[in-house]
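Novice: Test case, fold it:
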Amino acid sequence: MPRPRLRQSLRRLWALDKFSASLRVFIALAGALALCWWQGWMHGLIPLFLGIIASALTETDDSWQGRLGAVLVTLVCFSAAAYAVEFLFPYPWLFVVALALSAFCLTMLGTLGERFATLGSGTLILAVYSMIGVEQRGGVTGLWLEPLLLVAGAAWYGLLSVIWHGLFAHQPVQQSLARLFRELGKYLKLKAALFEPLRQLDIEQRRLELAQQNGRVVSALNAAKEIILHRVGGGRPGPKVNRYLKLYFLAQDIHERASSSHYPYNEL
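Specialist: Now for the predicted structure:
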């Protein structure tokens, strides 16, 4: 009996969308720590950690091929940001102008889409990490080393992310559907509470809670649809994707039926 419960608990944990990302970050940080400890090079640990964190913040859902391309673009942006900070830091006015222009351009890059916004914010974060490193060193001594370590940490996490997306290609779809059905279950419970045969029931408060939960369900529906359509692309969906599409349409149908208006509740 304990074994099925443990298996069910592990499956629920696997369905959480933050669990896999947290596990990847843990593996990347543990690998960097083990390498630095084995080589006796603990002074390089902090830049590696910061590069891993910045790379994790720019991660987006994609196939392993798309993820590989995204990692390469991210590394180019990170390298440019890190070395630009190192070269321009001794020239305050030039550094301020370049920082303001790059921040504006990277922020406006977010208007092209969520992925570009994530890449822009991650690049800005890595530039801040580079500034902190230069400030702590008291100058640009070791000009090439710290940016190289930052980019190496980002590359290590990117490699781990590509391998993960290759091994568990459909995990984001499963997690989005699990989130969708969780939110849909909460919505059904709130909807059912409106039919409780109780006198002086605060209908307005329950309607407000129901409307807020309905917004979460719609958001989960849109997120699941975007992920599934991204998996389909321009070709024909495979058997697994077909199954996920059926589950999505089932959740959509349940939501449409449950969100129909039943009024007045007291008379019902």
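
Novice: Straight-line length of stretch 103-121, end to end?
Specialist: End-to-end distance for stretch 103-121: 9 Å, by Cα to Cα, to the nearest Å.

Novice: quick one: it to chain centroid distance?
Specialist: 15 Å (Cα atoms, centre = their mean, to the nearest Å).

Novice: Can you give me the buried ones in it?
Specialist: L106, L109, R115, F116, A117, T118, L119, G120, S121 (16 or more other Cβ atoms under 10 Å). For every residue, glycine as well, the C-beta is placed using N, CA and C.

Novice: Also stretch 208-227?
Specialist: For stretch 208-227, the buried set under the neighbour-count rule, 16+ other Cβ under 10 Å, comprises E209, L210, Q213, N214, R216, V217, A220, L221, A223, A224, I227.

Novice: Determine which two of these are furthest apart.
Specialist: Across the buried residues of stretch 208-227, the longest distance by Cβ to Cβ is 27.3 Å; it joins E209 and I227.

Novice: After the helix or strand that contains L75, which helix or strand is next? Please name it.
Specialist: Using DSSP states H and E, L75 sits in helix 64-88. Later in the chain than helix 64-88, the nearest helix or strand by DSSP H and E is helix 92-109.

Novice: All the helices of the stretch 101-250 of the chain, in order from the start?
Specialist: Applying DSSP state H, counting those that start in this stretch to the stretch 101-250 of the chain gives helices spanning 114-137, 145-167, 171-193, 203-232, 239-258.

Novice: For P90, grab phi and psi.
Specialist: phi -70, psi -10 (degrees, to the nearest 10).

Novice: Would you mind measuring from it to V134?
Specialist: 9 Å (Cβ to Cβ, to the nearest Å).

Novice: tell me the pLDDT at A34?
Specialist: Here, the pLDDT recorded for A34 equals 92.

Novice: K246 now?
Specialist: You'll see K246 listed with a pLDDT of 90.

Novice: what does L268 give?
Specialist: On the pLDDT scale, L268 is placed at 54.

Novice: for L99, same thing?
Specialist: The model reports L99 with a pLDDT of 82.

Novice: Skipping its backbone neighbours, what lies nearest it in space?
Specialist: Setting aside the residues directly before and after it, L99 is nearest to A127 in space (Cβ to Cβ, 6 or more residues apart in numbering), at 7.4 Å.

Novice: Contacts only, for the one you found.
Specialist: The contact partners of A127, taken as Cβ atoms under 8 Å, 6 or more residues apart in numbering, are A81, A82, A84, V85, L99, S102.

Novice: I'd like to know how far it sits from G158.
Specialist: On the measure of Cβ to Cβ, A127 and G158 end up 18 Å apart.

Novice: Output the below-cut-off pLDDT ranges for the stretch 51-200 of the chain.
Specialist: The model of the stretch 51-200 of the chain has pLDDT under 70 over residues 61-64, 137-143, 196-200.

Novice: if we go to 80?
Specialist: Scanning the stretch 51-200 of the chain for pLDDT under 80 picks out 60-67, 89-90, 106-107, 109-117, 132-145, 169-170, 193-200.

Novice: Which of the contacts of A127 ranks first by neighbour count?
Specialist: Scoring these on neighbours with other Cβ atoms under 10 Å, the highest-scoring entry is A82 at 28 neighbours.

Novice: these two touch, right, that residue and S130?
Specialist: Yes - counting by Cβ atoms under 8 Å, S130 is a contact partner of A82 at 4.7 Å.

Novice: Pull up the overlap in contacts between these two.
Specialist: With Cβ under 8 Å, 6+ apart as the test, A82 and S130 both reach E146, P147, L150.
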